[in-house]
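[1] The sequence isn't on hand, but the structure is:
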C-alpha cells in the first residue's frame, strides 16, 4: 500500500511539472538574440529494482514522461507483476501506445540489451554499484547519458546534546524499514563518546522488542526478498563474529513464521571498526553498526569514511553545528533531527503526501545519486541553445553542431527572416502496437492516433516529428532486441 501511495504521489507531482520546462534568454553581442529551450531525449530506458518497484517507477518513468520521452522499462525479475499491472491500468485510462513499454527478464539478458540498444537515448538505473559501473561502461561506448542510484551506507550522527527521546525511534525505524532493504537505510549510528554506553543500552532494549514475521501479522519486520539475500546478511554477520565484533542485542522471529520464509532478526553491533567490511559495504538487511566518536571532526571523518554518500542524519540542538555538519558530511541529503527513511517519510505517508520534490545529489567520487523532484525531469531533457542575428541583410548559411557537456545542443547562425506558417498541415500519425506475450498468451494494445500537431514554426514542426519518431522507436524496441515477455506499449502522453 505504501509503495502504491508513493507511486500516486510521484505521478501527481510530475503531472504538475509537465509545463515547467522554462528556457532562458542569455545576454550576448548587440544585434543577436540568444535563448534556450528544452526538449526530450526521445526514448529512455529504466531498470527498476525489487525493493520499491512502484515508487522508483513513479519517480523515474514519471519524470521521463513529463519531459516528453517514451519509456522502455525493465523491472526486477523478483518484483515485476506490480509494474505490469500499472502498465495495464495506464493503457486502460487512455495513455497512447508506445509511450511505456514493459520488458521483463533477467538483468544480464534484458538489462544488458536495453543498456546497449542504440535506440535508447538515456538510461536510469537503480541497483548495486557493480552493475551500475557496467551500465556506465556500456553506455559510454555510445555516449548515452546515465542516471544512477547505487545504494548507501548512511550514518546517523548523534551528539550528546541531542533529543534522544526523538532520535531513538527514528534510528530504529531507519534500519528496520522494509527489513533493512532500503538504499537510504541508516545502517551506521555514530554516537558521541559521552553518551555512547547509555544510548547503546537504549537502542539494545528497542532492538530486543522487535519482532519478525509474515506480512499478514503486521509486525515490525517481514521477510527478506530471497534466499540469496538472506545468505548475504548471514555472511556479513559471520564476518563480524570472526572479527569479535560484539552483538549488543537482536530481535526475534516469531514462532508463526514459516520455515520456508527468509526471515532475519534485526541485529545491533557495537564498536565496529571503521575499516571492517560491515562498516564499509551495504548489507541490505536489518543490521545496525554502532561506533563512538570523540568530537565533531572525528564524527565527520567516520561519516565520510565510505565510498557511499546517499543520506545522512545529524542529531544535535546546536544550530551552528547543524549547518557545519550539513556542509562537511559528503552526502546527497542531510537530515537534521529527523531522517528520511525514519520519521519524516512515515509522517508524510500518514498525510498521504510524500517528499517527491526532494532530490538527493551525488557528491564527488560517491557512488550514489537519487533522482527526484525537479532535477530528474530536467535530467530527462536536453537543452538547445539558439543564437539569432537580428539583421535583415546578412550572409546566408550558418552552422550547427553538438556542444560538449550535459547533452546540450547548440545552433549558431542567422535567423530566418520570414513569418511563421499559420498551420504546418501535419496529419495524425497512427502507431501500431506490437503483440506482446507472456507464457504463451498473446495480448495486444489497440492502436490509437496521435493527436494532430498544428505547428506555428519550423521548430515546432521538428519537435512534433521527433516525438512521432520516438514513439515509433519505442514501440519497435522489443522486436529489435528480440526480447520476450514484452508487456507494452501501454502508456504515454500525459499524466
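    Sure, I can see it. For clarity, every value in this text was computed on a predicted model and none was experimentally measured.
[2] okay, now residue 226: neighbour count?
    12 (other CB atoms under 10 Å). The C-beta positions use only the backbone N, C-alpha and C, and glycine is treated the same way.
[3] where does the protein have low pLDDT?
    Counting by pLDDT under 70, the low-confidence segments of the chain come to 341-378, 384, 391-495.
[4] and if we set it to 80?
    1, 341-495 (pLDDT under 80).
[5] Helices of that one, residue ranges please.
    Assigned by DSSP state H, the chain shows helices spanning 2-15, 53-66, 81-92, 112-116, 129-140, 164-176, 196-208, 227-242, 277-280, 296-303, 319-328, 345-350, 373-379, 458-481.
[6] Any idea which of those helices gets closest to residue 22?
    Residue 22 lies closest to helix 373-379 among those, at 9.6 Å (CB to CB).
[7] what's residue 337 in contact with, if anything?
    Residues in contact with residue 337 (CB atoms under 8 Å, 6 or more residues apart in numbering) are 162-163, 166-167, 314-316, 322.
[8] nearest to residue 99, of those residues?
    When these are ranked by distance to residue 99 (CB to CB), residue 314 comes first, at 41.8 Å.
[9] I'd like to know how far the closest residue to that closest one other than its chain neighbours sits from residue 315.
    Leaving aside its sequence neighbours, residue 314 sits nearest to residue 325 (CB to CB, 6 or more residues apart in numbering; 4.6 Å). Computed with CB to CB, to the nearest Å, the distance linking residue 325 and residue 315 is 10 Å.
[10] Quickly list what's touching both of those two.
    In contact with both residue 325 and residue 315: residue 157, using CB under 8 Å, 6+ apart.
[11] Just want to know which of those two has more residues nearby.
    residue 315 (29 against 24).
[12] My guess is the more buried one contacts residue 162. True?
    Yes - judged on CB atoms under 8 Å, residue 315 makes contact with residue 162 at a distance of 3.8 Å.
[13] can you tell me how far the spatially closest residue to residue 33 that is not a sequence neighbour sits from residue 309?
    Distance criterion CB to CB, 6+ apart; nearest residue to residue 33, sequence neighbours excluded, is residue 388 at 4.8 Å. In this view, residue 388 and residue 309 are 42 Å apart by CB to CB.
[14] Comparing the two, which shows the higher neighbour count?
    Shown here are residue 388 and residue 309; by other CB under 10 Å, residue 309 has more neighbours (26 against 19).
[15] and stretch 61-78, how far from the chain's centre?
    11 Å (CA atoms, centre = their mean, to the nearest Å).
[16] gap between the two ends of that stretch?
    Counting by CA to CA, to the nearest Å, you get 19 Å between the two ends of stretch 61-78.
[17] Quick check: buried residues in that stretch?
    61-76 (16 or more other CB atoms under 10 Å).
[18] rewinding a little: buried ones among the contacts of residue 337?
    162, 167, 314-316, 322.
[19] What is the most widely separated pair among those residues?
    167 and 322 (13.7 Å).
[20] tell me which residues in stretch 252-269 are buried?
    Using 16+ other CB under 10 Å as the test for burial, stretch 252-269 gives 252-253, 257, 261-269.
[21] Provide a list of residues in contact with residue 221.
    Residue 221 sits in contact with 176, 179-180, 210-213, 251, 263-264, 266, 286, where contact means CB under 8 Å, 6+ apart.
[22] go with 10 Å
    175-180, 210-213, 251, 253, 263-266, 285-286 (CB atoms under 10 Å, 6 or more residues apart in numbering).
[23] Which of those fall within strands?
    211-212, 253 (DSSP state E).
[24] Turn those into TSV, columns for distance to residue 303.
    Putting these into TSV (distance: CB to CB, whole Å) gives the following:
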residue	distance to residue 303
211	31
212	29
253	32
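[25] right, and out of these, which lies closest to residue 329?
    Checking those one by one against residue 329 (CB to CB), the nearest turns out to be residue 212, at 31.4 Å.
[26] For the closest one, the count of nearby residues, please.
    By other CB under 10 Å, 24 other residues sit near residue 212.
[27] how much space between it and residue 320?
    41 Å.
[28] next one: residue 258
    Between residue 258 and residue 320 the computed distance is 53 Å (CB to CB).
[29] same check, this time on residue 62
    Remark: distance between residue 62 and residue 320 (CB to CB) = 38 Å.
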